[in-house]
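Undergrad: coordinates for the following, if possible.
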Amino acid sequence: MVLRRSLAVAGAAGAVGLSFLGLIAVGTYVAAGPAVAGGVPALAPGTVPAAYQGLIQKWGTLCPELSPPLLAAQLYQESGFNPTAVSPAHAYGIAQFIQPTWESHGVDGNGDGRKDIWDPADAIPSAASYDCSLARDTRNVPGDKVANMLAAYNAGPYRVIQYGGVPPYAETQGYVKRIRSLSISFTAATSPVAYSAQASGAIYFAQTKLGTPYFWGGEGLPSQGGRFDCSGLTRAAYATVGITLPRVANDQWYAGEHPSRDQLRPGDLVFFAHDLNDPRTIHHVGIYVGGGYMINAPHTGAVIRYDRIDAPDYIGATRVTSDGAAALPARGSDGTIANGAGIAADPSGAS
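TA: Numbering: from 1, shown residues only. All right, here's what the predicted structure looks like:
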């Protein structure tokens, strides 16, 4: 929450097999890096629900320290883009304001004459305005202005001023790193980036599971007969190379940058959604192996197998990185975001 608490196909196996390991073990592949239009990073397609994309793109340019991908990362970290979210600390809405902070920092973003904490058309502009207010409060602090703004969001501007930069709090330093890493997943990608050989290990694991029956909720546990569902398989595959992914597919979507269809490389995660304009409706994930094929655990009654990725519900892909996976928000047992902004301190730093 904002420091807002009181803190201001099996038959295809012959055609698509271990040969892909050779492809990804040799050389460096290119994917896409951040796209910048007019000096402002653009949102990656499919990363933000269409209902909020215009608001985030507009208000994410409110001040130089802010950008649309950074604002999107904060909103996702806080609520998972859920406008009805309520935290145990009584923070509300898509931007997770607590009432006192909303009263002092909320704005009437849509000009309807009232400030509604539940309305994204007000809450998203308010989050941007709050960020930029913190950027102004810390403008004379040396160092990285974006890091200082994010640190102030978490620990309060007084602490940033007091320490001459990001305070030595593990929570605050972690928050700054998480948001900056997570923002990469929301940034439209065009420029070349190095490809990680970790993908070959993930593919190898998935190939060893070909023919294993699907099991809803399966994580490969002995009690589950070593069976998997779709996201359980991708999670287990990347765990073998030291990367911890979230349990569900629509959270795994944000574990790195999003290469376009023609930039796919073996090891990328490929995703499918009920609504291609809303990543919250992602329902399936597989591991791309090249040639238009993926390894996936498709559905009850099927086995882990190769399938083509070209389907009407294909929404896109993610190139998994260690930093991207580590930046993702944790979820509680009820599915709600469990680790929004951290230290409970007064915005003035008085506590």
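Undergrad: give the phi and psi angles for Trp321, as a check.
TA: I think there's a mix-up here, since residue 321 is Thr and not Trp. The phi/psi pair for Thr321 (degrees, to the nearest 10) reads phi -130, psi 160.
Undergrad: list the contacts for the nearest residue to it once chain neighbours are set aside?
TA: Leaving aside its sequence neighbours, Thr321 sits nearest to Gly256 (CB to CB, 6 or more residues apart in numbering; 4.4 Å). In short, each C-beta sits where N, CA and C put it, glycine included. The contact partners of Gly256, by CB atoms under 8 Å, 6 or more residues apart in numbering, come to Ile184, Ser185, Thr318, Arg319, Val320, Thr321, Gly324, Ala325.
Undergrad: in this structure the second one contacts Ala255, no?
TA: Pointing back at Ser185 there. Yes. In this structure Ser185 lies within contact range of Ala255 using CB atoms under 8 Å: 7.1 Å.
Undergrad: about what we covered before: where's the residue nearest to Thr321 relative to Ala51, distance?
TA: Computed as CB to CB, to the nearest Å, the Gly256 to Ala51 distance reads 24 Å.
Undergrad: repeat for Ala302
TA: Distance from Ala302 to Ala51, by CB to CB: 34 Å.
Undergrad: for Val141, same thing?
TA: Per CB to CB, Val141 is found 36 Å from Ala51.
Undergrad: what's the answer for Lys115, then?
TA: From Lys115 to Ala51 the distance is 19 Å (CB to CB).
Undergrad: now swap in Ser181 and tell me
TA: 25 Å.
Undergrad: neighbour count: those two, which is higher?
TA: Looking at Ser181 and Ala51 with other CB atoms under 10 Å, you find the greater number of neighbours at Ser181, namely 19 against 13.
Undergrad: tell me the phi and psi of that one?
TA: Dihedral angles (degrees, to the nearest 10) for Ser181: phi -70, psi -40.
Undergrad: what do you get for Arg114?
TA: Main-chain torsions, Arg114, degrees, to the nearest 10: phi -150, psi 150.
Undergrad: isn't it right up against Ala121?
TA: No. Applying CB under 8 Å, one finds Arg114 not in contact with Ala121, separated by 11.0 Å.
Undergrad: which of those two has more neighbours?
TA: Using other CB under 10 Å as the criterion, Arg114 and Ala121 rank with Ala121 on top: 18 against 10.
Undergrad: I'd assumed that one was in a helix, is it?
TA: Yes. Assigned with DSSP: H, G, I helix; E, B strand; the rest coil, Ala121 falls within a helix.
Undergrad: can you pull the contacts of it?
TA: Going by CB under 8 Å, 6+ apart, Ala121 touches Leu55, Gly109, Asn110.
Undergrad: pLDDT wise, what is it at?
TA: Reading off the confidence values, Ala121 has pLDDT 98.
Undergrad: ok, it to Ile56 distance?
TA: 11 Å.
Undergrad: so what sits against both of the two?
TA: With CB under 8 Å, 6+ apart, Ala121 and Ile56 have no common neighbours.
Undergrad: who does the lengthiest strand in the chain pair up with?
TA: Longest strand in the chain, counting residues (DSSP state E): strand 282-290. The strands beside strand 282-290 in its sheet (DSSP bridges) come out as strand 269-273 (antiparallel), strand 293-296 (antiparallel).
Undergrad: buried deepest among these, which one?
TA: strand 293-296 (a mean of 26; mean count of other CB atoms under 10 Å).
Undergrad: any common contacting residues for Ser185 and Ala255?
TA: Contacts common to Ser185 and Ala255, judged by CB under 8 Å, 6+ apart, are Thr318, Gly324.
Undergrad: let me know how buried Asp251 is, in neighbour terms.
TA: So Asp251, with other CB under 10 Å, has 20 neighbours.
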